[in-house]
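A.B. asks: After the sequence you'll find the predicted model.
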Amino acid sequence: MALRLEVINPIEYRRWNDLLISNQDYSFFHSSNWAQVLCESYGYKPLYFTSVNNGRLSALVPVMEIKSFITGRRGVSLPFSDYCEPLVSEKGLFQDVVNRIIEHGREAGWRSVELRGGKNFPQDVPPSSYYYTHTLELSEDEEQVFDRFRSSTKRNIKKAVKEGVAVSIHKSAESVKEFYRLNCMTRKQHGLPPQPYRFFKAIYEHIISRGLGFVVLASYGKKSIAGAVYFHLGRKVFYKYGASDRRYQHLRANNLVMWEAIKWYCQNGYKSFCFGRTEPENKGLMQFKAGWGVKEKVIKYFKYDIKRETFVKDCPRMNGLHNRVFSKMPIPLLTVIGSLLYRHIG
């Protein structure tokens, strides 16, 4: 069966998101809103390899072309996205789609093609790296969901309430700015520069202000001490960013932030809540997510080196001297570094 594959820009495609959710395996990262954020923030070029039959998606692999004098020209599906599983309705056509993308990359002078997902790859194709995802099944009965949490998670939620932590849901530009302040603190603690503010501004303009996400902030007294950013599309929820002031860690505000978001989504009829990706070596974060009654799954990334004509592995992830150096820098300097570097590392 021949596959008619078009390369389109979802930002310009009328009612793209409606078409997208006709495929049950969609994620928020396939949406036109996320494409707008990436294009506006970093200047990437959207190339969405798509096949539509009878008004439904039969194939979709979204790619952003990155042009960088540091990391070279390449195709990534998709930058700064936890996962973006290729959507191909017929397993036998999957390799044809991948071959078409590789051929496009060869003609465009790409160094590589990266797919953040690929469950239809043969077992003998080595992944470049892998992560874990944790997904919570939601229910209109929020107490039933609460009962599935680990006892330590329940205790931490109750502790935050007892300590007087207040949590509220926001959809304003001001709440995004307040979250960004916390995010800069958290990134510094981890020895990393923060994403540029223009990225979070684009998230507000193209996602939150359009009713596809919100910010949850926890306060103690009159001070914001923790927060998180959530996206949603169809009946699926995605927890994308979390941040906090480490000085108030003992109050367990992060647990209460997560619970308030989960309750809201339960009450509003959502069906699944993804906690995002986690590196295998990040045992603390794995433990935190595992405490919410989730299902754990491995997500594999694949990278094809076009010049060498083979799938390759990424370098091992590790903390090094650069993390220690970044952790000592003042936040204003880190924000400048982030605004310069992020578009090259997507």
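C.D. replies: That came through, no problem.
A.B. asks: domains for this protein, by residue range?
C.D. replies: 6-125, 132-298 (automatic domain parsing).
A.B. asks: export those to a markdown table and tack on mean pLDDT, distance to residue 332 and mean neighbour count?
C.D. replies: Quick note: C-beta positions are derived from backbone N, CA and C, even for glycine. What follows is the domains of the chain, written out as a markdown table (pLDDT from 0 to 100; distance: least, Cβ to Cβ, whole Å; neighbours: other Cβ atoms under 10 Å):
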| stretch | mean pLDDT | distance to residue 332 | mean neighbour count |
| --- | --- | --- | --- |
| domain 6-125 | 95 | 20 | 18 |
| domain 132-298 | 97 | 9 | 18 |
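A.B. asks: Residue 323: which of these is closest?
C.D. replies: domain 132-298 (2.9 Å; Cβ to Cβ).
A.B. asks: got the contact list for residue 253?
C.D. replies: Going by Cβ atoms under 8 Å, 6 or more residues apart in numbering, residue 253 touches 160, 165, 167, 218, 220, 225-226, 244.
A.B. asks: hmm, which two among the residues you listed are most spread apart?
C.D. replies: 167 and 244 (12.4 Å).
A.B. asks: Give me the common contacts of those two.
C.D. replies: Contacts common to residue 167 and residue 244, judged by Cβ under 8 Å, 6+ apart, are 218, 253.
A.B. asks: Point out the other helices and strands that the top helix by length along the chain packs with.
C.D. replies: Taking DSSP state H as the criterion, the chain has its longest helix at helix 173-189. Counting contacts by 3 or more Cβ pairs under 8 Å, 6 or more residues apart in numbering; DSSP states H and E, helix 173-189 is packed against helix 197-206, strand 213-220, strand 223-233, strand 236-244, helix 321-328, helix 331-345.
A.B. asks: can you rerun that using 7 Å?
C.D. replies: Under the contact definition 3 or more Cβ pairs under 7 Å, 6 or more residues apart in numbering; DSSP states H and E, helix 173-189 sits against helix 197-206, strand 213-220, strand 223-233, strand 236-244, helix 331-345.
A.B. asks: just to revisit the earlier point, what is the nearest of the contacts of residue 253 to residue 76?
C.D. replies: residue 244 (29.2 Å).
A.B. asks: In the sheet, which residues pair with the closest one? Tell me.
C.D. replies: residue 226 (DSSP bridges).
A.B. asks: where do the strands sit along the stretch 51-200 of the chain?
C.D. replies: 56-66, 74-77, 87-88, 112-116, 129-137, 166-170 (DSSP state E, counting those that start in this stretch).
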